[in-house]
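**Student:** attaching a predicted model along with its sequence, questions to come.
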Amino acid sequence: MNAFIILTLLVVLMLTGMPISISLGLTVLSFLFFMTEVPIESVALKLFTGIEKFEIMAIPFFILAGNFLTHGGVARRMIAFATSMVGHWHGGLGLGGVLACALFAAVSGSSPATVVAIGSILMPAMVKAGFPKAFGAGVITTSGALGILIPPSIVMVMYSVSTNTSVGALFMAGVVPGAVLAFLLGLTTWYRAKKNNYPCQPKATWAQRWVAFRKAIWGLLLIVVVMGGIYTGIFTPTEAAAMSAVYAFFVAVFVYKDMGLKDVPRVLLSSANMSAMLLYIITNAVLFSFLLTHENIPQQLADNMIGTGVGVIGFLLISNVLLLVAGNFMEPSSIVLILAPILFPIAMKLGIDPVHFGIIMVVNMEVGMCHPPVGLNLYVASGITKMGITELTVAVWPWLLTMLGFLLLVTYWAPLSLWLPRMMGMLS
């Protein structure tokens, strides 16, 4: 009964148009004040202790690094390198866009940042080369979603904070699925380009590829710095985030010089605004998780679901449907912070690996970012392409179907996610 009251109150507040973070906070305070005898002082204490996690520090640093890279010319050089490698195949610029998104995702940790950085440069080039605008928009919108699956990923950090799962193991688990999804999106791009006879780029010589690689090397080295540092144990994921921010600043300002020192305060302010918004959501989500735990709701749901005989296959199917539906109304950070505390205990009771479940949630978030009405990537791509949301939704459907097929693969074939972290000794 309490679970019904809490969820109803949350949904009603959200339907009024109230921001997710405030809806969460008001739900918790209203329920605790009117329905329980929990002292309000404990809420204030939980606010501070709940966000006293070292991993949360990674979020503002990854956001800052992504902003420096977006404004610092890294994306342009990555696109040039990616296009030199695959541009001679059917739909070459589109394939270059998929590869560039995968590379930029490995340094930014954010899907919207990837769409902005790659899309704003590649879209005009694709239209100029004779590609339909809808084709380019479909490629960029969906490939940009790789930003939260290929590590480092801000959404993975949030899942880690919500469930106390190892960030390092999650990052490693995202590598193979991220590469497979990039390949499948590229395959879809190539097939549609070949079917419609879209143009190819002239084949680059190995000398031209080497020049493009040399120009992009400073951005690509960030992948080595962050991932190599984490997996060799030189620094933690949070320290890696700080390193990436410093490195991105150095590359953007002193190496590529596409950004002057006078632009740094603007990037810092933009990063601070985004970080504050996410941290406010996290704070209220911590309160919401505290309320659920206090009322023993996750445990009751787990017992009830297991009591009905729903096995692993059925639970994962229900979870996917629930997460995809939530993707219609909420952005990824909110979904993870609200639903992870509810679904995670059930997954653990059923013996599902916490890292595997985290990757399933992230892939669901990717799909959610590419379909209406709240798909963040759709809105970002709409601003770049000047296309309406309805028009964009039609444009992305071939790639969206590919992503849904990939979601089924990730959900029911755990080794795809767990093979690499197990090989690295991060999982038993």
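**Tutor:** Thanks, I have the structure now.

**Student:** tell me what the host helix or strand of L416 is packed against?
**Tutor:** Here L416 sits within helix 415-423, counting by DSSP states H and E. Helix 415-423 sits against helix 167-195, helix 354-368, helix 389-412, with contacts defined as 3 or more C-beta pairs under 8 Å, 6 or more residues apart in numbering; DSSP states H and E. The C-beta positions use only the backbone N, C-alpha and C, and glycine is treated the same way.

**Student:** which residues does L339 contact?
**Tutor:** Under the criterion of C-beta atoms under 8 Å, 6 or more residues apart in numbering, the neighbours of L339 are L322, L323, A326, M361.

**Student:** try it again with 10 Å
**Tutor:** The contact partners of L339, taken as C-beta atoms under 10 Å, 6 or more residues apart in numbering, are S162, S319, L322, L323, A326, M330, M361, N364.

**Student:** so how far is the helix or strand that contains A285 off the chain centroid?
**Tutor:** Element membership for A285, per DSSP H and E: helix 264-294. Taking C-alpha atoms, centre = their mean, to the nearest Å, one finds helix 264-294 lying 16 Å from the centre of the chain it belongs to.

**Student:** any buried residues in that helix, and which?
**Tutor:** Across helix 264-294, burial judged by 16 or more other C-beta atoms under 10 Å covers 267, 271, 274-275, 278, 280-292, 294.

**Student:** what's the answer for stretch 87-95, then?
**Tutor:** Residues of stretch 87-95 classed as buried by neighbour count (16+ other C-beta under 10 Å): G87, W89, H90, G91, G92, L93, G94, L95.

**Student:** pLDDT score assigned to the residue nearest the centre of the chain?
**Tutor:** For the chain, the residue nearest the mean C-alpha position is I148 (2.2 Å; C-alpha atoms, centre = their mean). Predicted confidence (pLDDT) for I148: 86.

**Student:** rewinding a little: from the contact counts, what lies against the helix holding A285?
**Tutor:** Packed against helix 264-294 by the contact rule (3 or more C-beta pairs under 10 Å, 6 or more residues apart in numbering; DSSP states H and E) you find helix 2-15, helix 20-35, helix 40-50, helix 58-71, helix 154-163, helix 237-250, helix 297-307, helix 332-349.

**Student:** low-confidence ranges, the protein, go.
**Tutor:** Within the chain, the ranges that satisfy pLDDT under 70 run 1, 49-52, 298, 305-307, 309, 374, 428.

**Student:** tabulate the helices and strands packed on helix 264-294 (TSV), appending distance to H371.
**Tutor:** Listed next are these as TSV, based on distance: least, C-beta to C-beta, whole Å:
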stretch	distance to H371
helix 2-15	19
helix 20-35	18
helix 40-50	32
helix 58-71	23
helix 154-163	17
helix 237-250	29
helix 297-307	27
helix 332-349	13
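
**Student:** right, and those helices - which one's nearest G425?
**Tutor:** helix 237-250 (16.4 Å; C-beta to C-beta).

**Student:** if we can go back for a sec, buried residues, the helix holding L416. List them.
**Tutor:** Going by neighbour count (16+ other C-beta under 10 Å), the buried part of helix 415-423 is L416, S417, L418, L420, P421, R422.

**Student:** picking that back up, quick one: the residue nearest to the centre of the chain from A248, how far?
**Tutor:** Distance, I148 to A248, by C-beta to C-beta, to the nearest Å: 18 Å.

**Student:** try G368
**Tutor:** On the measure of C-beta to C-beta, G368 and A248 end up 27 Å apart.

**Student:** hang on, the earlier thing: correct me, but the residue nearest to the centre of the chain touches I335?
**Tutor:** No - with contact defined as C-beta atoms under 10 Å, I148 does not reach I335; the gap is 11.5 Å.

**Student:** shared neighbours, the two?
**Tutor:** By C-beta under 10 Å, 6+ apart, the residues touching both I148 and I335 are V155, M158, M365.

**Student:** between those residues, which is closest to G138?
**Tutor:** M365 (19.0 Å).

**Student:** residue contacts, that closest one?
**Tutor:** By C-beta under 10 Å, 6+ apart, M365 lies in contact with 111, 145, 148-149, 153, 155-156, 158-159, 323-324, 326-327, 330-333, 335-336, 376.

**Student:** how many residues are close by N197?
**Tutor:** Residues contacting N197 under the criterion other C-beta atoms under 10 Å number 9.

**Student:** same question for the one 4 residues further on.
**Tutor:** Per other C-beta under 10 Å, the neighbour tally for Q201 reads 17.

**Student:** ok, P202 next?
**Tutor:** Count around P202 with other C-beta under 10 Å applied: 9.

**Student:** pretty sure it sits against L93.
**Tutor:** No - counting by C-beta under 10 Å, P202 stays clear of L93, with 11.8 Å between them.

**Student:** what touches both of the two?
**Tutor:** G87.

**Student:** give me the element M85 is part of.
**Tutor:** Assigned by DSSP H and E, M85 falls in helix 74-86.

**Student:** that helix: how far from the chain's middle?
**Tutor:** 22 Å.

**Student:** how about the CA coordinates for the helix or strand just after it, as PDB?
**Tutor:** Downstream of helix 74-86, the next assigned helix or strand under DSSP H and E is helix 92-108. Taking C-alpha atoms only, helix 92-108 is exported to PDB below (Å, rounded to 0.1, in the frame of the first residue of the first chain):
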ATOM      1  CA  GLY A  92      31.400   7.000 -46.100                       C
ATOM      2  CA  LEU A  93      30.700  10.200 -44.300                       C
ATOM      3  CA  GLY A  94      28.000   8.400 -42.300                       C
ATOM      4  CA  LEU A  95      30.300   5.600 -41.400                       C
ATOM      5  CA  GLY A  96      32.900   8.200 -40.400                       C
ATOM      6  CA  GLY A  97      30.300   9.800 -38.200                       C
ATOM      7  CA  VAL A  98      29.600   6.400 -36.400                       C
ATOM      8  CA  LEU A  99      33.400   5.800 -35.800                       C
ATOM      9  CA  ALA A 100      33.900   9.500 -34.800                       C
ATOM     10  CA  CYS A 101      31.000   9.200 -32.300                       C
ATOM     11  CA  ALA A 102      32.500   6.000 -30.800                       C
ATOM     12  CA  LEU A 103      35.900   7.700 -30.500                       C
ATOM     13  CA  PHE A 104      34.500  10.900 -29.000                       C
ATOM     14  CA  ALA A 105      32.300   8.800 -26.600                       C
ATOM     15  CA  ALA A 106      35.500   7.200 -25.200                       C
ATOM     16  CA  VAL A 107      36.700  10.600 -24.000                       C
ATOM     17  CA  SER A 108      33.500  12.600 -23.200                       C
END
